[in-house]
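*Asks:* predicted model, plus sequence, below.
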Amino acid sequence: MKPNNEQLTSAEMGKLWAVYMGNTMAICVLTYFQKHCQDPDIMEILKKAKSTSQKITDDITKIYNKENFPIPIGFDVKKDVNIDAPRLFADEFYLHYLKYTAKAGLSLYSTAIPMMIRPDIRDTVIKFDVDTIHFLVDLNETLEKKGYLTKPPVIPIPKEVSFVEKQNYLAGFFGDVRPLHALEIAHLQDNLENNVASKGLLMGFSQVAERKKVKEFMLRGKEITMDHIKDCLAKLHEENLPGHPLLDDLVEASTIPPFSDKLMTFHKIDMFSMKIRSYANAMSLNGRRDLGLMFSKFILDIGRYVEDGANIMIDEGWFEKPPHAVDRKALTDGE
């Protein structure tokens, strides 16, 4: 077994930094959500979520201190939350939000594990992954208990094993287009579930953003997300399959900001970046050309949007640098 005093690799630095930033943001959001939550079952799951995020940031802080690594500023309840702002979302929305964000966290942790070399870092990230899996199980049980869980569509069990015999199995635009297979349906539904929560969040953020360019950024994100929702729903409806309902009615009419513009902009950049992975995953398991083209367009939409958000963060002096390689050119130029 390798010793725990080896220097952190770039992958370990980068992943720990991203996890720390995301979870300091989560603590801020969940602190505000708890202030307004009235349902005891939903309050319990909010407490579990905040406790999980707090443990994650504490564990990473210990690693940073051991390595003399500068602790990122991230987000802070005192600076980035107006705890006295009125309610912006209904209690039910908190559950859908947690599903949306916890899936993104799980994606980050699970893809990080193969890159972690040092045993202590690897074991820490595995713990993050396992804790998030247990949390998602509890969350799904709470969603079902409250009657808020939208399950993926049901399709018939195959009568026998069969094989693809014709090239038109891959078609999607013209001629004899086959029905969606189970994995295509699953990922259309999964992306719908993400996007309806994202659209609700963007609606709320667009109402309360203080800077004009941040408000416009949120409104544009809402339009992009709604276009993606419509396209995914259309594919399911062509097969007479249901999709996830919108959550717009769970957004309150408040215009008083509970969060800083910095937090809200970072939040949408972070979560839209995770959508790229979700869309790419859907593409990798897809077998129809029309779906492949659709998800490719989605990724281009998201890429442009995330870049524009990053420019806002840079212009406002909010963009905290992740760890990066040595700039050899700057060294030779004497900069």
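*Replies:* Sure, I can see it.
*Asks:* what's the spacing between the helix or strand of the chain with the lowest mean pLDDT and its chain's center?
*Replies:* Lowest mean confidence among the helices and strands of the chain (mean pLDDT, DSSP states H and E): helix 328-333, at a mean of 80. Its chain's average C-alpha position is 37 Å from that of helix 328-333, according to Cα atoms, centre = their mean, to the nearest Å.
*Asks:* again with stretch 270-290
*Replies:* Offset of stretch 270-290 from its chain centre (Cα atoms, centre = their mean): 13 Å.
*Asks:* likewise for stretch 122-140?
*Replies:* Relative to its parent chain, stretch 122-140 has a centroid offset of 15 Å by Cα atoms, centre = their mean.
*Asks:* can you give me the buried ones in it?
*Replies:* By 16 or more other Cβ atoms under 10 Å, the buried positions in stretch 122-140 come out as 122, 124-125, 128-129, 131-132, 135-136, 139. Using the backbone N, CA and C atoms, a C-beta is placed for each residue, glycine as well.
*Asks:* which of those residues lies closest to Asp91?
*Replies:* Leu139 (13.9 Å; Cβ to Cβ).
*Asks:* looking at this, that closest one is in a strand?
*Replies:* No. Counting by DSSP: H, G, I helix; E, B strand; the rest coil, Leu139 falls outside a strand, being helix.
*Asks:* that one against Leu98, yeah?
*Replies:* Yes. With contact defined as Cβ atoms under 8 Å, Leu139 and Leu98 form a contacting pair (5.6 Å).
*Asks:* hey, what's in contact with both of the two?
*Replies:* Taking Cβ atoms under 8 Å, 6 or more residues apart in numbering as the criterion, Leu139 and Leu98 both touch Ile45.
*Asks:* check which helix or strand covers Gly14.
*Replies:* Taking DSSP states H and E as the definition, one finds Gly14 inside helix 10-36.
*Asks:* following that helix, which helix or strand comes up?
*Replies:* Sequence-wise, the next helix or strand downstream of helix 10-36 (DSSP H and E) is helix 40-67.
*Asks:* between that following helix and helix 10-36, how many degrees?
*Replies:* Angle, helix 40-67 to helix 10-36, by axes from the mean of the first three to the mean of the last three Cα atoms, to 10 degrees: 150 degrees.
*Asks:* what mean pLDDT does stretch 19-39 get?
*Replies:* Stretch 19-39 shows a mean pLDDT of 98.
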